[in-house]
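> Model the structure of this input:
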Amino acid sequence: MPFDALIAAPRQSDLFDALDTHRITPVSWATLVDHKLAQQKKFGPSFWFRHQTKVSVGLIMTSPVVGTVVGAIQGFSSHSSALAVASSFMWMCLVAMLTGTGLIKLRAGASWQERRVTADELDELRVPAQIASAARSIQRMVPDTNIVLGELKRHEAVLDPYLVLEHQDWRICLGIWEGANVIAVPTPR
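Next up is the predicted model:
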């Protein structure tokens, strides 16, 4: 039929057409990578966690040394063996108390985790309005786009989230924020 072309479904626009339509320049990938590396360094593992094997071996190896030193101070007399054992036991209790009470923090570093979210979840996840509205408007134009929320997690705390859109093999960053502080947003053209 001659009029079939007039009623054909319009071509589905891709991610970059949607960005052009909304006149949005996404956050550069280099900005996101630099931010992730800086935060990883800032919230990395503690000294004690990085060297926990050496510290543990060192603390355990000092127990017999403490016993020997105490025994040597007492001149290895008949009472010195009981004193050496008692002092070694007290040293081990001190080591257990230091690590068990958290005075020596074996804090692991924070790690980046990504998960897919829906456009409806953006408000309850406290995504800043300008980033959330850009994600929603682009996803309306390109429905098979996935919204990915990246979060730097340390224990239960979420430190610096970012929002990425995925479409086919492409990923673009729409923003980085920390609480109410927006670190990077897409810029209008």
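
> Where does the record place the domain boundaries for this structure?
4-44+110-188, 47-100 (automatic domain parsing).

> can those go into TSV with extra columns for mean neighbour count and mean pLDDT?
(Glycine included, C-beta is placed from N, CA and C.) Listed next are these as TSV, based on neighbours: other C-beta atoms under 10 Å; pLDDT from 0 to 100:
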stretch	mean neighbour count	mean pLDDT
domain 4-44+110-188	15	84
domain 47-100	14	71
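
> In this protein, mark out all the helices, start to finish.
4-7, 15-21, 29-42, 47-50, 52-73, 80-100, 129-141 (DSSP state H).

> Of those helices, which is nearest Trp170?
helix 15-21 (5.5 Å; C-beta to C-beta).

> name the helices or strands packed onto the closest one?
helix 129-141, strand 170-178 (3 or more C-beta pairs under 8 Å, 6 or more residues apart in numbering; DSSP states H and E).

> Contacts for the first one, please.
Contacts to helix 129-141, defined as C-beta atoms under 8 Å, 6 or more residues apart in numbering, come from residues 13, 15, 17-19, 21-22, 24, 119, 122-123, 127, 145, 147, 163, 165, 174-175, 177, 182, 185-186.

> And for the shortest one?
By C-beta under 8 Å, 6+ apart, the surrounding residues in contact with strand 170-178 are 15-16, 19, 26-29, 31-32, 35, 127-128, 130-131, 134-135, 138, 148, 159-165, 182-186.

> mind checking how far that strand is from the chain centre?
Relative to the chain's own centre, strand 170-178 is displaced by 15 Å; criterion: C-alpha atoms, centre = their mean, to the nearest Å.

> what's the answer for the first one, then?
The chain centre lies 24 Å from the centre of helix 129-141; the measure is C-alpha atoms, centre = their mean.

> could you give the angle of that helix to strand 170-178?
160 degrees (axes from the mean of the first three to the mean of the last three C-alpha atoms, to 10 degrees).

> could you turn helix 129-141 into PDB, dropping everything but the C-alphas?
The C-alpha coordinates for helix 129-141 follow below in PDB (Å, rounded to 0.1, in the frame of the first residue of the first chain):
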ATOM      1  CA  ALA A 129      16.100  16.000  41.300                       C
ATOM      2  CA  GLN A 130      18.100  17.200  38.300                       C
ATOM      3  CA  ILE A 131      19.900  13.800  37.900                       C
ATOM      4  CA  ALA A 132      16.600  11.800  38.400                       C
ATOM      5  CA  SER A 133      14.700  13.900  35.900                       C
ATOM      6  CA  ALA A 134      17.400  13.500  33.300                       C
ATOM      7  CA  ALA A 135      17.300   9.700  33.800                       C
ATOM      8  CA  ARG A 136      13.600   9.600  33.600                       C
ATOM      9  CA  SER A 137      13.300  11.700  30.400                       C
ATOM     10  CA  ILE A 138      16.000   9.700  28.600                       C
ATOM     11  CA  GLN A 139      14.500   6.400  29.700                       C
ATOM     12  CA  ARG A 140      11.100   7.600  28.300                       C
ATOM     13  CA  MET A 141      12.700   8.100  24.900                       C
END
